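Peer 1: Just need the structure, nothing else, for what follows:
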Amino acid sequence: SGALAKGFHALVQSPESDGDVPWEAWSGGETQRLRLAGTLGLGDLLLARKGLELDLEVWDEPSQYLSVEGVADLVDALSERARTLGKRVWLVVHRTLDHGGFESVYQVTKDKDGSRIERIVTADGE
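Peer 2: Just a heads-up that it's a prediction; the model follows:
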């Protein structure tokens, strides 16, 4: 028909199968983990190619589709990334995260009187 399709087709190797697994075959949580891994890798690659270093990363809703254990793994990985690379990592989510590794936690609450921002005391007394 002469039409041109943009995009790419991704196959991922699974440790539990011999062949490649189409992207569409992974569950929501697995797909989210693959997206996050791809974002980390591609972001690091692009910055390195340009010789750039950023000390801030903002992650918007990365915990979507993840289980409680998946969210804990994500937060641990981002916390380790912040420590190892000397970065500030801002994690924007619409759920409460029970994790003591945050330096600061701010909660935005919206009600009939408007929105307010408050600092939450973390488990380590911050």
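Peer 1: May I have stretch 54-65 as CSV, with CA atoms only?
Peer 2: Extracted in CSV, the C-alpha atoms of stretch 54-65 (Å, rounded to 0.1, in the frame of the first residue of the first chain):
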residue,chain,number,x,y,z
LEU,A,54,23.0,15.5,35.3
ASP,A,55,22.6,15.5,39.1
LEU,A,56,18.8,15.3,39.0
GLU,A,57,16.4,12.7,37.8
VAL,A,58,12.6,13.0,37.9
TRP,A,59,10.6,9.9,37.7
ASP,A,60,6.8,10.4,37.1
GLU,A,61,4.7,7.5,38.0
PRO,A,62,7.3,4.7,37.6
SER,A,63,5.4,2.5,40.0
GLN,A,64,2.4,2.1,37.8
TYR,A,65,1.4,-1.6,37.3
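Peer 1: quick one: what helix or strand has V21 in it?
Peer 2: Following DSSP states H and E, one finds V21 within strand 20-22.
Peer 1: Other residues contacting that strand?
Peer 2: 9-14 (Cβ atoms under 8 Å, 6 or more residues apart in numbering). From N, CA and C alone the C-beta is placed, and that goes for glycine too.
Peer 1: And the biggest helix by length in the chain, what does it pack against?
Peer 2: Taking DSSP state H as the criterion, the chain has its longest helix at helix 28-50. Contacts defined by 3 or more Cβ pairs under 8 Å, 6 or more residues apart in numbering; DSSP states H and E place helix 28-50 against helix 68-85.
Peer 1: what's the helix it packs on packed up against?
Peer 2: Against helix 68-85 (3+ Cβ pairs under 8 Å, 6+ apart) you get helix 28-50, strand 56-60, strand 88-92.
Peer 1: Taking helix 28-50 as reference, get the angle to it.
Peer 2: Per axes from the mean of the first three to the mean of the last three Cα atoms, to 10 degrees, the angle that helix 68-85 makes with helix 28-50 is 10 degrees.
Peer 1: Give me the buried positions along helix 68-85.
Peer 2: 70-71, 74-75, 77-79, 82 (16 or more other Cβ atoms under 10 Å).
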